[in-house]
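Engineer: starting from these lines, generate the structure:
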Amino acid sequence: MAGQGTAALRRPTIAGLRILLVEDEAMLGLLFSVMIESLGHVVCGVATTETGAVQAAADLNPDLMIVDVGLGRGDGVAAMAQILALRRTPHMFISGNIAKLAARGETAVVLEKPFTEPQLMGAIDQVFRATVGV
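Structural biologist: Numbering: from 1, shown residues only. You can find the predicted model right below:
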């Protein structure tokens, strides 16, 4: 049957998450939002700065945060450190240079830009297997 292969590739194991996206590049934020929503999740907000990420996490209480490491104003890792000091929040990082992030000693799930929708789905699944035992 037509489309049967596509359905098999797109079987998300976790669906309907409220995801806060932290991305300072507008076009990438839009692209990633479309990818997230095509996987069956909801983008509950998009933050573009370190301060904005911390405030949005407090206001929106997302199920998952996808955080760009390098922000024009601030740092995604520093934002997550502030957020995690207040509450446990499943998260993953995205970066154009994962070697730089690894050099900082970060152990969270990291997805290197550019990435595909199946890679994003796999990374989200990995976060939840590691943090909530799904």
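
Engineer: can you give me the helices in the chain?
Structural biologist: Here the chain has its helices, by DSSP state H, at 4-9, 26-38, 50-60, 76-86, 98-103, 117-131.

Engineer: which stretch in those has the least confidence?
Structural biologist: Note on the helices of the chain: helix 4-9 shows the lowest mean pLDDT, a mean of 42.

Engineer: can you put the helices of the chain in CSV and add mean neighbour count and distance to residue 109?
Structural biologist: Any C-beta I mention is one placed from the backbone N, CA and C, and that applies to glycine too. Shown next, in CSV, are the helices of the chain (neighbours: other CB atoms under 10 Å; distance: least, CB to CB, whole Å):
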stretch, mean neighbour count, distance to residue 109
helix 4-9, 8, 20
helix 26-38, 15, 15
helix 50-60, 19, 17
helix 76-86, 17, 12
helix 98-103, 13, 11
helix 117-131, 17, 5
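
Engineer: so which of those helices comes closest to residue 67?
Structural biologist: Closest of the helices of the chain to residue 67 is helix 76-86, at 4.2 Å (criterion: CB to CB).

Engineer: picking that back up, can you put the helices of the chain in a markdown table and add distance to residue 16?
Structural biologist: A markdown table is the format used below for the helices of the chain (distance: least, CB to CB, whole Å):
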| stretch | distance to residue 16 |
| --- | --- |
| helix 4-9 | 18 |
| helix 26-38 | 11 |
| helix 50-60 | 15 |
| helix 76-86 | 22 |
| helix 98-103 | 28 |
| helix 117-131 | 12 |
